[in-house]
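Asks: I would like the atomic coordinates for the input below:
(chains A, B, C and D, ligands or ions: 4)
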Amino acid sequence: MSSTSHAEHAYVAHHFHSAEQQKEAGTLGMWLFLAQEVMFFGGLFCVYAVYRLLNPDAWLAGSASLSVFVGGVNTTVLLCSSFTMALGVYFAQTGDNRRLFQALVATLALGLLFIAIKLQFEYLPKYREGVFPGANWGPYGHHYGHLADVANQGGLQMYFVLYYIMTGMHALHMIIGFGIMVVLMVLARKNTFGPQRYMAVENFGLYWHFVDIVWVFLFPMFYLVR
Amino acid sequence: MIDFRVLPEKASTFAESVDPLYWFLILFVGGFFLVVCAVVLYWGVKYRQRPEEDRPSYHPHAIKLEIAWTVVLVIIALGIFVWGSVLFFRAYDAPDDALEISVMGKQWMWKIRHPNGMRETNELHVPVDTPVRLTMTSQDVIHSFFIPAFRLKQDVLPAKYTTMWFKATKTGEYPLFCAEYCGTEHSTMGGRVFVMEPEAYAAWLRGEGGGEAPDDVLAAGRRLYDRLGCAACHTAGVENRGPLLEGIHGTTVEMTTGETVVVNDEYLRESILNPSYRVVKGYAPLMPSYKNQLEDEELMNLIAYIKSLPKQQVAIAEVK
Amino acid sequence: MSEHHIVTPATYLKVLIALAVLMVLTIAAAEVHFGEPFNLMIALAIAVTKAVLIVLFFMHVKYSSHLTWVFVGAGFFWFIIMVALTTADYLSRGWHSPFTG
Amino acid sequence: MATVVTDPNAAPAVHYLNWRKTVASWLFSLDHKRIAILYLISISVFFFVGGLLAAAFRLELLTPEGDLMQADTYNRYFTLHGVVMIFFFLIPSIPAVLGNFLIPLMIGAKDVAFPKLNLASWYVYMIGGTLGVLVLVTGGVDTGWTFYSPLSTTYANTNVFLAAMAAFVTGFSSILTGLNFLVTIHTMRAPGLTWFRLPLFIWAHYATSIIQVLATPVVAIAIFLIAIERVWGVGVFDPALGGDPILFQHLFWFYSHPAVYIMILPGMGVISEVIACNARNRIFGYPFIAFSSVAIAIVGFLVWGHHMFVSGQAMYSSLVFSVLTMLVAVPSAIKIFNWVGTLYRGNIVWTAPMLYAMGFLGLFAIGGGTGLFLGVTGTDIHLHDTYFVVAHFHYVMVGGAVMAYLAGLHFWWPKITGRLYNHLLGKLSAIIVFIGFNATFFPQFLLGMQGMPRRYHSYREEWQLLNIFSTSGAMILGIGFLLPVLYFTWSLVFGRRAGANPWGAKGLEWEKASSPPSPHNFDHDPVVTEEAYAYTGREQLSV
Ligand code: HEA
Ligand code: HEA
Ligand code: CUA
Ligand SMILES: [Cu+2]
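Replies: Numbering: from 1, shown residues only, chains lettered A, B, ... in the order given. Ligands and ions are numbered 1, 2, ... in the order given. Down below sits the predicted model:
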């Protein structure tokens, strides 16, 4: 029982009739996966919407304690990584595995930079100064002292609960992306990709851009509350 | 099996108005089921495959039929919806003159307090033929106050007030349950509702029928009002810092967003605990939050006190 | 794969620049006070524009089949349903029955 | 239909069951048929676990006092019963077993679009299941399957975290299965198989998959937030932080209402197949049944608030959810009419699957009809969280979905295993299940009307009689469910060979594939030239 009769290329799996069909299936599958992701983050955004509605003052205060500058830099970093990723897809489509490899390296580097900035300038300082919901909550250090005056301390904590969970979930998606990127880099090194075979890169690109889009919303929603 | 009934005894105006809908639904769905069964059996026998018969397969094209039954179903469904919703509207807001009783749920008992401060646990005494409004909250998890004889139930939540109102129509003793699963002893969290003649209720309120000693809710509320310094802002003449609270209960106020809100217990509670959520039009969001400074019990006293403040002529003039 | 459209780096670059401009715009808009709901609406409008650009160009949806459009749309459509019906509950909590009270 | 299987009635020498024999060839198989069997075995185990828990707490309910077990034990049992039955049995049941097995066969494909993902789904499911079993052995969980906060986040002192994780993980299995089916149905149909030639089973699974992909992630995140609050101490639904427990209910039901359609829609697909075949008739109103599935899937997303009429949700929201609930009931009713219509002027054969399917019709009519009582705000106030709700959902889930699942299992068993079971026993079990089921759950409608709240370990004395009926019924029902296990197992060894098409049914899986099918499903790639259900009325049974 073999299906070689239909296999135009070695990489067309046995149950597909053609590379065309396989590609279509791959693309559809990826988009459905992203639709699933939309709803996954969507649940969080829904929580965000309700609590912002209920605690407008806490949102103002919380947002004022984040640095628009750091956020802006990070947004730029992420947009650039999306750009390099898009280039990567182009190089995969044109079969330029060397440049693809470089594009992936750039994307990975930008992604790591994003995480590094996030940790160094946002998570860690806040954590040290007690701007972290829970038992250690106590934003009374010199940087965030003004938070202590906010009347609605509960709502303020809620702002930070969501801030950590949502940006953390976003970061987690990036970290998963790093792993896949490394695999793609190895494959690019082996000259795997070409005009007939670039689905893996393209689909990963979709994932990466999606993660970028999530940040495009997180940025104004947390940093730019006015 | 003596005295078997499908629905329990009915003892409230709501029960009386909703029971016909139950009966209609029972007959409608039961009838539908019987018709389905009858048709299946009849055709099932009539059209069973017989070797001697050659009955070619049937090719239905019954668009008109399909549309007809769809339309009929939609009409019936919407009819039922309207019927039920009208009842729901009625069950929702209490008449203005309702007797106010507060209910506190906690694992696993109901604490009840009457307007004069009389308290009881797992029992609720109410006068017959009088609208009663329960303002309810919970100290821990979600519970649900359920009186089958009244056909009413309402979840009781922590950090939030929910209300339920009824007008009992028949004196007697009726079971009371907690209907929302709330942990180990959920099934024992219940008690009895006593519907009494108004005189008997009045006597009971005076402590003649047992129950715990009443405490003075309004005095306690007034003490809090003074201690927390509410009057610093909510007094006529203080440059309009905060709106006047006299006679505010039951009125409609407009928010900065243009939304209008009816002042009820839940709104008062929210105004005290989370004042910036909805800000009254014409005022700045100055008021501090009193969250975590007030016990549930204290908050209820405070609110009772605010509600007791009489409507004043000045107040109305001031607001204008 | 004749029908497959390859997007060129030049297009990507233009999109990147547009995205950067929009980002600056959204920060700038946040510094101006337009009053209660408007700041939020502007921020969201810009974010949506950015997302659409990414989806159309970086993610090639502009050149994809109708089915892809439908799937992309479905995700966002259902998300809107969820948020709309949930927040509607919170927004209408204070409303009262027209019959009584 | 040009080509015919070489000899349809001879059991093929090589088929998917025997072509490789090692354990690894099963555990790492990418063949959708083998994966279906893996699911069949695992969900059956969970069904019996859930059923035995039910039997245990039903025994407790024989008497009003709580004498057989502690309240805590009782609470754990019904919670696990609900969690196991919903997440580990019913949601995967028809899609993962029958859907997996049949979708490629019905559309003339060699496999699903992503066979590796398919296998991965099963592993994800098993990881979730293992976590579930761990919950069971490490003290259980007692929050109710609904995980309402703040009980679940703060007050319960059982293994909520692990249970939440079990449900979370299993959710992804469901998402991946749905994703796989959607892509398969879109891209892998045989030449000539246009959308309106698809069997209704496929339409039903298509609709189901939409829900799986778009709704499940929301419950995943909601449960994840519960888990975080549990571990971290502060959290998203914590009233002390201005959090709102009702928001959790919104997120939970945003999934869990559509989830009830994940459970019933595939069952409806099965029923369409079984009725058309056994009535030897074209299905009445094909496009109406097809589109009503899609309508249910879509409108089903808009009604979740009907679980929250007395929760403190705004009144106007409740009304909106109520009217949409009424509307979502209409397509289900339309289906019932069309199924009954299919019998008209047919040539009906009363096989075991047909008996199950007719049982489904009656029980689903009652279950769905009582859903109307609950969907109307005015009447739900009294019935909410009483045994009326328990009876309602068992009528739709057991009387509806499980009956449909059994109908399907009886119908396709010859295809799956190549063997026939004892037909008389099959019919007997259908009748026992029907009787036992009604005896168990009909009294619960009365209990609920009278106001008996659910999740009650002890209850008022006047309710004892009805509870005795219910418990006795549950024992009959248990036997009814045990019976198929016995004769199915028996048939595996001693059953007669089935032949490719013992029912005389239409459809690629019957007409073009052997029983059991070959590893790659078809010897020749099928081409479809006619509509589904082209029955002539003269097809003969050979069972
Ligand atoms: C397979 C699962 C399944 C299915 C298919 C359904 C189908 C329906 N359900 Fe059910 N439901 C559950 C599983 C299911 N449900 C579960 C598990 C719960 C409880 C969860 C918990 O709290 O633990 C629940 C709870 C539940 C509630 C909440 C009750 C409460 O807690 O207070 C409501 C309220 O509206 C409801 C309504 C409906 C309706 C209207 C349908 C409709 O889709 C039914 C449509 C079918 C018909 C209508 C067929 C019969 C036709 C007629 C009778 C003809 C007349 C029809 C018209 C005029 C329209 N269900
Ligand atoms: C698919 C879903 C599903 C299925 C199939 C079932 C099947 C059954 N359920 Fe379940 N049930 C739920 C889903 C389901 N249930 C859910 C979601 C809840 C809500 C939980 C909550 O509140 O959180 C619930 C709650 C629930 C309650 C309410 C508990 C309470 O509120 O206090 C009751 C009470 O009678 C009950 C009974 C039964 C019975 C008797 C069966 C029977 O059909 C089971 C029959 C099967 C067997 C008995 C096992 C197989 C047989 C044998 C091994 C033979 C030997 C056994 C005997 C002879 C007894 N269930
Ligand atoms: Cu309190 Cu149940
Ligand atoms: Cu529902």
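Asks: list phi and psi for residue A:210.
Replies: In terms of degrees, to the nearest 10, the main-chain angles of residue A:210 are phi -60, psi -50.
Asks: where do the strands sit along chain A?
Replies: Taking DSSP state E, chain A contains no strands at all.
Asks: can you identify each of the helices in it by residue range?
Replies: A:19-54, A:56-64, A:68-94, A:97-117, A:124-128, A:153-189, A:199-218 (DSSP state H).
Asks: so which bits of the fifth one are buried?
Replies: Neighbour-count burial for helix A:124-128, with 16 or more other CB atoms under 10 Å in any protein chain shown as criterion, is recorded at residue A:126. (C-beta placed from N, C-alpha, C; glycine too.)
Asks: nearest to residue C:90, out of the helices of chain A?
Replies: Proximity to residue C:90, assessed across the helices of chain A by CB to CB, is greatest for helix A:19-54 (5.7 Å).
Asks: may I have the phi/psi pair for residue D:513?
Replies: Here is the backbone geometry of residue D:513 (degrees, to the nearest 10): phi -120, psi 150.
Asks: what sits against it?
Replies: By CB atoms under 8 Å, 6 or more residues apart in numbering or on different chains, residue D:513 lies in contact with D:5, D:105, D:415, D:500, D:521-522.
Asks: ok, now with 7 Å
Replies: Residue D:513 makes contact with D:105, D:500, D:521-522, according to CB atoms under 7 Å, 6 or more residues apart in numbering or on different chains.
Asks: possible to save those as CSV with distance to ligand 2 and neighbour count?
Replies: Output for these, formatted as CSV (distance: CB to the nearest ligand atom, whole Å; neighbours: other CB atoms under 10 Å in any protein chain shown):
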residue, distance to ligand 2, neighbour count
D:105, 26, 23
D:500, 33, 24
D:521, 30, 25
D:522, 34, 21
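Asks: just name the closest of those to chain C, please.
Replies: Proximity of the contacts of residue D:513 to chain C (CB to the nearest CB) peaks at residue D:105, which lies at 23.8 Å.
Asks: low-scoring stretches of the chain, by residue?
Replies: Using chain A here. Filtered on pLDDT under 70, chain A yields the residue ranges A:1-11.
Asks: meant chain D actually
Replies: D:1-10.
Asks: again, only using 50
Replies: For chain D, applying pLDDT under 50 flags the ranges D:1-6.
Asks: quick check: the gap between residue D:404 and chain C.
Replies: Per CB to the nearest CB, to the nearest Å, residue D:404 is found 26 Å from chain C.
Asks: excluding its backbone neighbours, what's nearest that residue?
Replies: residue D:267 (3.0 Å; CB to CB, 6 or more residues apart in numbering or on different chains).
Asks: for chain C, longest helix please?
Replies: In chain C, assigned by DSSP H, the helix with the most residues is helix C:66-91.
Asks: wait, chain D
Replies: In chain D, assigned by DSSP H, the helix with the most residues is helix D:245-279.
Asks: one step back: and the longest helix of chain C, what does it pack onto?
Replies: Secondary-structure packing of helix C:66-91 (3 or more CB pairs under 7 Å, 6 or more residues apart in numbering or on different chains; DSSP states H and E): helix A:19-54, helix D:200-232.
Asks: adding mean neighbour count and distance to ligand 1, write these out as CSV.
Replies: Conversion of the helices and strands packed on helix C:66-91 to CSV gives the following (neighbours: other CB atoms under 10 Å in any protein chain shown; distance: least, CB to the nearest ligand atom, whole Å):
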stretch, mean neighbour count, distance to ligand 1
helix A:19-54, 22, 19
helix D:200-232, 26, 11
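Asks: now render these as CSV, adding distance to chain C.
Replies: Shown next, in CSV, are those (distance: least, CB to the nearest CB, whole Å):
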stretch, distance to chain C
helix A:19-54, 3
helix D:200-232, 5
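Asks: who wins for proximity to chain B among those helices?
Replies: Here helix A:19-54 is closest among those (CB to the nearest CB), at 5.6 Å.
Asks: what about that closest one, distance to the chain center?
Replies: Centroid separation between helix A:19-54 and its chain, computed with CA atoms, centre = their mean, to the nearest Å, is 13 Å.
Asks: which element is the residue most central in space within chain B on?
Replies: Residue closest to the average C-alpha location in chain B (CA atoms, centre = their mean): residue B:164, at 2.5 Å. Using DSSP states H and E, residue B:164 sits in strand B:162-167.
Asks: and the following helix or strand past that strand, what does it pack against?
Replies: Sequence-wise, the next helix or strand downstream of strand B:162-167 (DSSP H and E) is strand B:172-178. Judged by 3+ CB pairs under 7 Å, 6+ apart, strand B:172-178 is in contact with strand B:143-147, strand B:191-196.
Asks: could you say which of the ones you listed is packed most deeply?
Replies: strand B:143-147 (a mean of 28; mean count of other CB atoms under 10 Å in any protein chain shown).
Asks: now look at it and say if it contacts chain D.
Replies: Yes - counting by CB under 7 Å from any CB of the partner chain, contacts between strand B:143-147 and chain D involve B:144, B:146.
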